[in-house]
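# coordinates for the following, if possible.
(2 chains)
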Protein chains: 2
Amino acid sequence: MKNITQSMLDAIEQELQRQVARLDQPRTKPFHEMLTYHMGWTGEGAGPLATGKRIRPLITLLSTFSSNSKENGEKSIVINWLHAKSAAAAIELIHNFSLVHDDIQDNSNLRRGRQTAWVKWGAPMAINVGDALFVIANQAVLDLVNHYPADMVVKTASILNDCCLDLTRGQFLDMSYEERNDLSIDDYWPMIGGKTSALLSACTHIGSLLGYAKEEKQEAYRLFGYHLGLAFQVQDDILGIWGDEALIGKSAASDLVEGKNSLPVLFALGKNGKFANRWKEGPITVEEVGAVSAMLEDEGGKEYAEKMSEVETQKALSYLKQANPQGEAGEELLRLANMLLTRKQ
Amino acid sequence: MKNITQSMLDAIEQELQRQVARLDQPRTKPFHEMLTYHMGWTGEGAGPLATGKRIRPLITLLSTFSSNSKENGEKSIVINWLHAKSAAAAIELIHNFSLVHDDIQDNSNLRRGRQTAWVKWGAPMAINVGDALFVIANQAVLDLVNHYPADMVVKTASILNDCCLDLTRGQFLDMSYEERNDLSIDDYWPMIGGKTSALLSACTHIGSLLGYAKEEKQEAYRLFGYHLGLAFQVQDDILGIWGDEALIGKSAASDLVEGKNSLPVLFALGKNGKFANRWKEGPITVEEVGAVSAMLEDEGGKEYAEKMSEVETQKALSYLKQANPQGEAGEELLRLANMLLTRKQ
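Next comes the predicted model:
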């Protein structure tokens, strides 16, 4: 028998395909194919590695199912988590819309080991692919009306779009930082709050809302997702400099070479020491990666980031405990959070 | 005393500014300014010429007010058209989101006589500006919940997002046509149906829905907007080749030089005559504009387009009559439609 996680992943994939099929019409077949390629279903390299892990919609449905329990009190409603699947799909579509546009903005050639949409079809088409994914995300969320009262649909759509505005804010900050030389750690949190945490907190917030959790419980779920996002991003920043691939495998993959304004970097820039001087001189070459990452570690960038990752991890787990997720879905949610928070690559 | 049109235009501008102010926060002020620049409120050349005419939100509110009348029957609700203003703003924001992305896709330097967003801030920032306008449009439409029942808000958001998917379809077709040499008039209608008519039909459909018009009346309003859009676009195509500016003033502004797949061009391509041969040889130069437009006229491209414009105009006016718009707003809607359908530039 399939466990709950596998059942949810299957339902998510099916729902995503159903939503994207809105473009599967005679005149727009090539357009539809651009979306199915990006989603990892078609074209060269299609398959599980190309789709990504669908972590966000999975967290959404686990939040729905684990927050919905009879302990909620007399007015509780036991729901079928399948009813929330179009909202889970919407969140994954939002994530993918932002990836398609990010890849153009960052001039990235590869995504999950495959050519990016703009490399294959040009930036004008890829802008339109991203736009379509965003539109379909909104259509998917409105599909909730088949299973939920309209006021809950409006609330869900509002949470999702508020999160999307945060995404554009985070993206603006990230891009505007490229031209600045006066950054410090104060500039870090608003950026990743928008770029990473907004969407993860929307997953757990929307998930628990659709599980008919009470407001207080929704808030605990929301904050769990928010701090999970912060911890996850800080970890990503650490791995991007000191992870195996960055340091030993392919130094070109180091965030130092990419010039990324990650937390260790912003911490050290605030110190105005040797690292800051080197950083301001211009791009770090592949050959320098070992020496510059050691410099960054000496000046406390790694230690600080590890401390912050631990702080955010503890906050996330504490809010998850407060949310008190129930049943098999609750166990899977805790397992997934622990996996995300202790990953080594 | 202000007439109804001026009152509505004032309310629209105020509501648009209120919606866009979501980004007016300490860290995102420069981002907010990118949006206010594009909307025509700030920066060089700001003012009425830069904002555009706000035709779409005006048609929306006129549809709301003119469709809401006591003749609707016993269950009619007399509403304040101001309650629909956030939906009108949403439509104008959608229009502007598509303009910002179009300008990047078409490599256009000027919009309403001013530098386009991507020329001022680069394509990556401009992609994000368009995305933010789209998000705010969705937030604006959800604001309806302050004045309308949630099921009507969901319905309105669905109409708007269905229209947005049509916009991406039209944009896909338009871009994909650039590489094709086998186009005919059959390829025209699906393209402008998406690019121009979808949004205008959303204006009149949403407008009448929010005026609590019955389904049948909403359908007449919707079809009025749809055919108004088709007639408007065909006219635009005619003016783009034989209008004063295209032909006499600045030939560089001719759609022939731009290589635009307009209706007269697609009609003549289907004839496979002299024009088609010249068109397939490559870009028309400014010096050739007079001769090539004469060739196109000889082969019946102008006459055909004028006939189709007349057909669509009559359909639009016939549906408007069927919609039977009431009161001062009804008179203004008819006046506006006539103005749009008889413009000479």
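# can you get me the centre-to-centre distance for the host helix or strand of A:S201 and its chain?
Using DSSP states H and E, A:S201 falls within helix A:198-210. Computed by C-alpha atoms, centre = their mean, to the nearest Å, the chain-centroid distance of helix A:198-210 equals 12 Å.
# from A:T5, how far off is the spatially most central residue of chain A?
Residue closest to the average C-alpha location in chain A (C-alpha atoms, centre = their mean): A:T196, at 5.2 Å. Counting by C-beta to C-beta, to the nearest Å, the separation of A:T196 from A:T5 is 22 Å. Backbone N, C-alpha and C define where each C-beta goes, glycine included.
# doesn't A:P325 belong to a helix?
No. A:P325: not assigned to a helix; according to DSSP: H, G, I helix; E, B strand; the rest coil it is coil.
# chain neighbours aside, what residue packs nearest to it?
Spatial nearest neighbour of A:P325, chain neighbours left out: A:S66 (3.4 Å); criterion: C-beta to C-beta, 6 or more residues apart in numbering or on different chains.
# wait, what's in contact with that neighbour?
A:211, A:325-327, A:329-330, A:332-333 (C-beta atoms under 8 Å, 6 or more residues apart in numbering or on different chains).
# so after the helix or strand where it lies, what's the next helix or strand?
Using DSSP H and E, A:S66 falls within helix A:55-67. As assigned by DSSP H and E, the chain's next helix or strand after helix A:55-67 is helix A:85-105.
# that next one near chain B anywhere?
Yes. Counting by C-beta under 8 Å from any C-beta of the partner chain, chain B is contacted by helix A:85-105 at A:101, A:104-105.
# shaky segments in the stretch 201-345 of chain A?
Regions of the stretch 201-345 of chain A meeting the criterion pLDDT under 70 cover residues A:246-253, A:344-345.
# let's see 80
The model of the stretch 201-345 of chain A has pLDDT under 80 over residues A:245-253, A:343-345.
# just the closest residue of it to chain B, please.
For the stretch 201-345 of chain A and chain B, the shortest gap (C-beta to the nearest C-beta) falls at A:A202, measuring 12.7 Å.
# neighbours of that residue, how many?
30 (other C-beta atoms under 10 Å in any protein chain shown).
# and for A:M152?
17.
# can you check what angle separates whichever strand or helix holds it from helix B:150-177?
Using DSSP H and E, A:M152 sits within helix A:150-177. Here the directions of helix A:150-177 and helix B:150-177 differ by 40 degrees (axes from the mean of the first three to the mean of the last three C-alpha atoms, to 10 degrees).
# flag every buried residue along helix A:150-177.
For helix A:150-177, a neighbour-count test (16 or more other C-beta atoms under 10 Å in any protein chain shown) marks A:150, A:152-177 as buried.
# ok, is it in contact with chain B or not?
Yes. Counting by C-beta under 8 Å from any C-beta, contacts between helix A:150-177 and chain B involve A:150-151, A:153-154, A:157-158, A:161-162, A:164-165, A:168-169, A:171-173, A:175-176.
# one step back: dump the residues of helix A:85-105 next to chain B to TSV, plus pLDDT.
Formatted as TSV, the residues of helix A:85-105 next to chain B follow (pLDDT from 0 to 100):
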residue	pLDDT
A:H101	98
A:I104	98
A:Q105	96
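# right, and the helix or strand after the helix holding A:M152?
helix A:188-192.
# now flag whichever of the residues of helix A:85-105 next to chain B is closest to chain B.
Out of these, the member with the shortest distance to chain B (by C-beta to the nearest C-beta) is A:Q105, at 3.7 Å.
# what's the neighbour count on the closest one?
21.
# for A:L16, same thing?
For A:L16, using other C-beta under 10 Å, the count is 28.
# how about the residues of the stretch 201-345 of chain A by chain B?
So the stretch 201-345 of chain A never meets chain B (C-beta under 8 Å from any C-beta).
# show me where the stretch 201-345 of chain A has helices.
A:215-242, A:244, A:255-258, A:263-269, A:274-280, A:289-298, A:301-323, A:327-341 (DSSP state H, counting those that start in this stretch).
# so which of the ones you listed is the most surrounded?
Of all the helices of the stretch 201-345 of chain A, helix A:263-269 has the most neighbours on average by mean count of other C-beta atoms under 10 Å in any protein chain shown, namely a mean of 25.
# chain center to it: distance?
Centre to centre, stretch against its chain (C-alpha atoms, centre = their mean), the figure for helix A:263-269 is 22 Å.
# show me what it is packed against.
helix A:215-242, helix A:274-280, helix A:289-298, helix A:301-323 (3 or more C-beta pairs under 8 Å, 6 or more residues apart in numbering or on different chains; DSSP states H and E).
# go ahead and name everything in contact with the second one.
Right, the one you point to is helix A:274-280. A:181, A:265, A:268-270, A:284, A:292, A:295-296, A:299, A:301.
# mind doing that once more with 7 Å?
Residues outside helix A:274-280 that contact it (C-beta atoms under 7 Å, 6 or more residues apart in numbering or on different chains) are A:181, A:265, A:268-269, A:292, A:295-296, A:299.
# want to throw these into a markdown table with distance to B:R112?
Formatted as a markdown table, the contacts of helix A:274-280 follow (distance: C-beta to C-beta, whole Å):
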| residue | distance to B:R112 |
| --- | --- |
| A:N181 | 35 |
| A:V265 | 41 |
| A:A268 | 46 |
| A:L269 | 41 |
| A:V292 | 48 |
| A:M295 | 51 |
| A:L296 | 48 |
| A:E299 | 50 |
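# between those residues, which sits nearest A:Q25?
Closest to A:Q25 out of those is A:V265 (46.8 Å), distances taken as C-beta to C-beta.
# enumerate every residue touching that closest one.
A:279, A:301.
# give me the distance between it and A:A90.
Taking C-beta to C-beta, one finds A:V265 at 34 Å from A:A90.
# is it true that A:S197 touches A:R222?
No. At 10.4 Å, A:S197 does not count as touching A:R222 under the criterion of C-beta atoms under 7 Å.
# isn't A:F97 up against A:V135?
No. The criterion here is C-beta under 7 Å, and A:F97 misses it with A:V135 at 8.8 Å.
# and these two? Which one has more around it.
A:V135 (27 against 24).
# any residues touching the helix or strand hosting the more buried one, and which ones?
Taking DSSP H and E as the definition, A:V135 sits inside helix A:123-142. Residues outside helix A:123-142 that contact it (C-beta under 7 Å, 6+ apart): A:19-20, A:22-23, A:34-35, A:38, A:86-87, A:89-90, A:93-94, A:96-97, A:100-101, A:104, A:117-118, A:153, A:156-157, A:160, B:101, B:104-105, B:127, B:134, B:138, B:154, B:157-158, B:161, B:164-165, B:168, B:171-172, B:175.
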